[in-house]
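Chemist: Quick check, what structure comes out for this input:
(one chain, ligands or ions: 1)
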Amino acid sequence: MSRSTNTVRHCPEWWRRAVVYQIYPRSFADSDGDGIGDLPGIIGRLDYLADLGVDALWLGPVHRSPQADNGYDVSDYQDVDPIFGTLADLDELVAQAHARGLRIILDLVVNHTSDEHPWFVESSAGTDSSRRAWYLWRPPRAGAVGGTPGAEPNNWGSAFGGPAWTFDPASGEYYLHLFSPKQPDLNWANPEVRAAVHAMMGWWLDRDVDGFRLDVINHIAKDPELPDGPVPAGGRYGDGRGSYLDLPEVHDYLRELRERVLSARPGHHLLIGETPGVGVRDARRYTDPTRGELDLVIEFEHAELDRGRERWVHRPLALPDLKASWSRWQTGLADVGWNSLYLSNHDQARLVSRYGDAARHRRESATALATVLHLHRGTPFVYQGEELGMANFPFGGIEDFRDVEALTLFQTATSAGVDPDEVLAGLRLLGRDNARTPFQWDGSEHGGFTTGSPWMPVNPDVREVNAASQLGVPGSVHDHYRRLIALRHTEPAVVWGDVTILLPDHPSVYALVRRLDDTELLMVANLSSTATALPAVPDQGAWAEAEIVLTNDLGTNHRGPLPVSLRPWEAWVRRRRRPRPSSWTGTST
Ligand code: TEU
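Modeler: Next up, the predicted model:
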């Protein structure tokens, strides 16, 4: 095993100043021509990532897995899936990343395992298996015959569609899976399960990884009664969230985990919690440093604003809703706790297609949206390809989709009578596969991703949208991300400053002020494809002489009075020093 001296890890709270880059290993870089991205491929691109200026890499799951949900179904936590390489490759990646000052955060999926994990195979052996209580097995509903419609132990639906229970005819019982039947939920109430997870995590930390992104970690505790949930109007299944979301035991399990796994080791390893459905109150608890649970959360509120209750239903984002949501989170975690900042990841469509204008203003909208996001308080996440303005894929029929969520949703919705075209329209815009097409390194046929045949087709826009054509090009999306990341590293007000979101009701202008000591930043962006008047902002006149520290406007330089009108997707950040209050003694730093 290779070792490296990762002294930066000892710097307290490094993640609060950091920008995290998310790699989806299948789709990043393929080194061996099998059409699937792999670890040596990532190693070959580390210089690109270091040059972008990010601090840490979140690596999507590379553990051994049948790949029913692209690795979010683990069959061996202590090995690397052969499609991605070997454990030695991972050690090499960690060492090479550390040599460039990049930390490695592993994705860890421990709410559930694969149904092919030896733990589940053993658990399924019979009701008297020594591992039976490692998962959530229940008999059929009283009086019902197992395996018949409606005999499930409760009425919950799974996240991907269909029931949350699968029947095992051999034992006559059902097992719970909040996701696909290939992803049975572990029983965290069982101390043996927790001890096994702790041991496995310690094993990884001893291989020098810098932390974990814990998948759906706020789902791990379940009310043992597993009662029926309320059925939403027009819905088919009950909503079980009241029995598995943010239960008090999750906090206990996380404290125990930090105590047993992380506290025993030197340095600060990062725990990022993916927490779908979490509210501000629980997020504060999870990330209050004095409680010793998570360091930051990935919350979902803003990512749900343009969706209907059914996952394929799109409704256009109303900008005031986004401001209200982010405002609530910024205020709610201002004194205690920490949030992540993201607009895209492997579960979300491409931001430039979803919120921007990929057809007419790709560069401008990608950079404007990034500017807005990165000027908030929290740790920004950049999802691979976002820094190039990569867009959604032009999907045709359902046969073009690969994702278990898309396929299950399509199947369950259409068999319940929903018009297939309606489901397809939603999946084309919001489906997760959009984020999973190969990274566009250059303008060649397969985008420089592979010399073979890629597991998903490369977006046909690859000739115009690729890294080679943007690197070092002033004003490119890539260049703008580099400058945004650098701004966070050089301007403490971006990291620590308090946040005031202005113009809460304006439908297209996003504006905010950051303040730290005597530094004040004003960020203004027109998030629309039409020229828009800029309403007055507080201290309007004082901003006239402010320095422009970042702009996506290649044409005119607006130094001087604030512009009266903003061009489509125009975005900039100005900085000024506030006059010292008369009581200032000169001791502040
Ligand atoms: O995602 C959790 C989650 O909430 C997603 O199901 C999300 O709601 C959905 O994808 C939005 O369309 C995590 C992983 O990030 C995801 O890739 C996995 O499929 C899921 O957990 C199960 O492990």
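
Chemist: Could you report the neighbour count for S528?
Modeler: 19 (other C-beta atoms under 10 Å). Yep, even glycine has a C-beta here, placed from its N, CA and C like the rest.

Chemist: Read off the pLDDT value for it.
Modeler: What the model reports as pLDDT for S528 is 98.

Chemist: For the closest residue to it other than its chain neighbours, give its distance to P276.
Modeler: Once flanking residues are discounted, S528 sits nearest to S508: 3.7 Å by C-beta to C-beta, 6 or more residues apart in numbering. Separation of S508 from P276 (C-beta to C-beta, to the nearest Å): 29 Å.

Chemist: These two: who's more crowded?
Modeler: Each of S508 and P276 has its neighbours counted (other C-beta under 10 Å); P276 has more, 19 against 16.

Chemist: Quick one: end-to-end length of stretch 129-138, please.
Modeler: With C-alpha to C-alpha, to the nearest Å applied, stretch 129-138 spans 14 Å between its terminal residues.

Chemist: give me the number of residues near A416?
Modeler: Per other C-beta under 10 Å, the neighbour tally for A416 reads 9.

Chemist: SS state for the residue lying closest to it once chain neighbours are set aside?
Modeler: Distances taken as C-beta to C-beta, 6+ apart place R236 nearest to A416, at 6.6 Å, with adjacent residues excluded. Using DSSP: H, G, I helix; E, B strand; the rest coil, the structure places R236 in coil.

Chemist: Going along the chain, name the helices of the chain.
Modeler: 39-43, 46-52, 87-99, 118-123, 191-205, 248-257, 280-287, 319-332, 351-354, 362-374, 404-415, 420-430, 477-490, 492-496 (DSSP state H).

Chemist: The ligand: which of these is closest?
Modeler: Taking C-beta to the nearest ligand atom, helix 404-415 is the member of these nearest to the ligand, at 5.5 Å.

Chemist: ok now that closest one, how far from the chain's centre?
Modeler: Remark: helix 404-415 is offset 23 Å from the chain centroid, using C-alpha atoms, centre = their mean, to the nearest Å.

Chemist: Ok, stretch 516-535 next?
Modeler: The answer for stretch 516-535 is 26 Å, by C-alpha atoms, centre = their mean.

Chemist: okay, it in CSV with CA atoms only?
Modeler: Extracted C-alpha coordinates of stretch 516-535, given in CSV (Å, rounded to 0.1, in the frame of the first residue of the first chain):
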residue,chain,number,x,y,z
LEU,A,516,-16.8,40.1,6.4
ASP,A,517,-15.1,42.7,8.6
ASP,A,518,-14.6,45.7,6.3
THR,A,519,-15.0,43.7,3.0
GLU,A,520,-18.3,43.8,1.2
LEU,A,521,-19.0,41.8,-2.0
LEU,A,522,-22.0,42.4,-4.3
MET,A,523,-23.0,39.6,-6.6
VAL,A,524,-25.5,40.3,-9.3
ALA,A,525,-26.8,37.9,-12.0
ASN,A,526,-29.5,38.1,-14.6
LEU,A,527,-30.8,34.5,-14.7
SER,A,528,-32.8,35.0,-17.9
SER,A,529,-32.3,35.2,-21.7
THR,A,530,-33.7,38.7,-21.9
ALA,A,531,-32.0,42.0,-21.0
THR,A,532,-33.4,43.1,-17.7
ALA,A,533,-33.3,46.3,-15.7
LEU,A,534,-31.2,46.2,-12.6
PRO,A,535,-33.3,47.5,-9.7
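
Chemist: Return the set of buried residues in that stretch.
Modeler: Residues of stretch 516-535 classed as buried by neighbour count (16 or more other C-beta atoms under 10 Å): 519-529, 532, 534.

Chemist: Equivalent analysis for stretch 359-366, please.
Modeler: With burial defined by 16+ other C-beta under 10 Å, the residues of stretch 359-366 counted as buried are H361, R362, R363, E364, S365, A366.

Chemist: which non-adjacent residue is nearest the first one?
Modeler: If you skip the residues right next to it in sequence, H361 has W569 as its closest partner in space, 5.0 Å away by C-beta to C-beta, 6+ apart.

Chemist: Any idea how many residues pack against that neighbour?
Modeler: 27.

Chemist: repeat for the one 3 residues further on
Modeler: Counted with other C-beta under 10 Å, residues neighbouring W572 total 21.

Chemist: Kindly provide the distance from it to L566.
Modeler: Going from W572 to L566 by C-beta to C-beta gives 9 Å.

Chemist: Quick check: neighbours shared by those two?
Modeler: By the contact definition C-beta atoms under 8 Å, 6 or more residues apart in numbering, W572 and L566 are jointly contacted by V524, A525.

Chemist: Can you give me the neighbour number for the nearest residue to G452 once chain neighbours are set aside?
Modeler: Counting by C-beta to C-beta, 6+ apart, G452 lies nearest to G33, which is 3.9 Å off, once chain neighbours are set aside. Residues near G33, counting by other C-beta under 10 Å, number 10.

Chemist: Spit out the contact partners of G33.
Modeler: T450, T451, G452.

Chemist: Which one of the residues you listed is nearest to the ligand?
Modeler: The nearest member of these to the ligand, counting by C-beta to the nearest ligand atom, is T450 at 22.2 Å.

Chemist: neighbours around R514, how many?
Modeler: A count of nearby residues for R514, using other C-beta under 10 Å, gives 24.

Chemist: wait, it sits on V549?
Modeler: No - in this structure, R514 is not within contact of V549 by C-beta atoms under 8 Å, at 11.2 Å.

Chemist: Would you mind listing the buried residues in stretch 387-399?
Modeler: If you call a residue buried by 16+ other C-beta under 10 Å, then stretch 387-399 has these buried ones: E387, L388, G389, M390, A391, N392, F393, F395, I398.

Chemist: now stretch 268-286
Modeler: Buried residues in stretch 268-286, counted by 16+ other C-beta under 10 Å: 268-278, 280, 282-286.

Chemist: Also near the ligand: which of these, exactly?
Modeler: By C-beta under 6 Å from any ligand atom, the members of the buried residues of stretch 268-286 lying near the ligand are E274, P276.

Chemist: what does the protein have sitting close to the ligand?
Modeler: With the criterion set to C-beta under 6 Å from any ligand atom, the chain comes near the ligand through 69, 72, 109, 159, 179, 215-216, 274, 276, 311, 346-347, 405, 432.

Chemist: Farthest-apart pair in the residues you listed, please.
Modeler: V109 and R311 (20.0 Å; C-beta to C-beta).

Chemist: who has more neighbours, those two?
Modeler: The neighbour comparison of V109 against R311 (other C-beta under 10 Å) goes to V109, with 25 against 21.

Chemist: my guess is that one contacts S75, does it?
Modeler: No - V109 is beyond contact range of S75, at 11.0 Å (criterion: C-beta under 8 Å).

Chemist: Overlap in contacts, these two.
Modeler: Jointly contacting V109 and S75 under the rule C-beta under 8 Å, 6+ apart are H63.

Chemist: returning to that earlier point: return the member of the buried residues of stretch 359-366 nearest to N459.
Modeler: R362 (12.1 Å).

Chemist: mind listing what the closest one touches?
Modeler: Applying C-beta under 8 Å, 6+ apart, the residues near R362 are V352, G356, G389, A391, V465, V477.

Chemist: Go again with 10 Å.
Modeler: Applying C-beta atoms under 10 Å, 6 or more residues apart in numbering to R362 gives the contacts V352, S353, G356, L388, G389, M390, A391, D461, E464, V465, V477, W569.
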